[in-house]
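>>> Turn this into a model:
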Amino acid sequence: AALASSRVVVTTPLNLVETIAPALTREEELYALSLTDLIAASLGEDAAVVARGDGLSEPEAVSRVVLGLLAGGDESIDGASVGGGGGARGVLDAVTSLLPV
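Numbering: from 1, shown residues only. Below you'll find the model as predicted:
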């Protein structure tokens, strides 16, 4: 039923990107920048690279973050302790502590 009502749309790559991810307002951009600054200060620059979505341009940072998370124990991300130990559980606890409740 859904296939019968679908239609083909020809568009430019720019229009596709703007449709999928519309431009942020200035306030939203500043908020996003402040969040990545907080992540950089709390968890290190490698974690901030991942949070900014720059993983494709800096795959080494993504590798360091993933390996740090998989290592578990009292490991850290880019030198900043993720706290709690226990690998993924420690990361979950650290992220949860940063969220407003």
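
>>> for residue 11, helix, strand, or coil?
Three-state assignment for residue 11 (DSSP: H, G, I helix; E, B strand; the rest coil): coil.

>>> So the residue nearest in space to the middle of the chain versus residue 4, what's the distance?
Central residue of the chain (C-alpha atoms, centre = their mean): residue 51, 2.8 Å from the mean position. In this view, residue 51 and residue 4 are 41 Å apart by C-beta to C-beta, to the nearest Å. Backbone N, C-alpha and C define where each C-beta goes, glycine included.

>>> Same check on residue 94?
In this view, residue 94 and residue 4 are 49 Å apart by C-beta to C-beta.

>>> likewise residue 95?
Residue 95 is 44 Å from residue 4, by C-beta to C-beta.

>>> the more surrounded of residue 94 and residue 4?
Each of residue 94 and residue 4 has its neighbours counted (other C-beta atoms under 10 Å); residue 94 has more, 17 against 5.

>>> Perfect, I'm done here.
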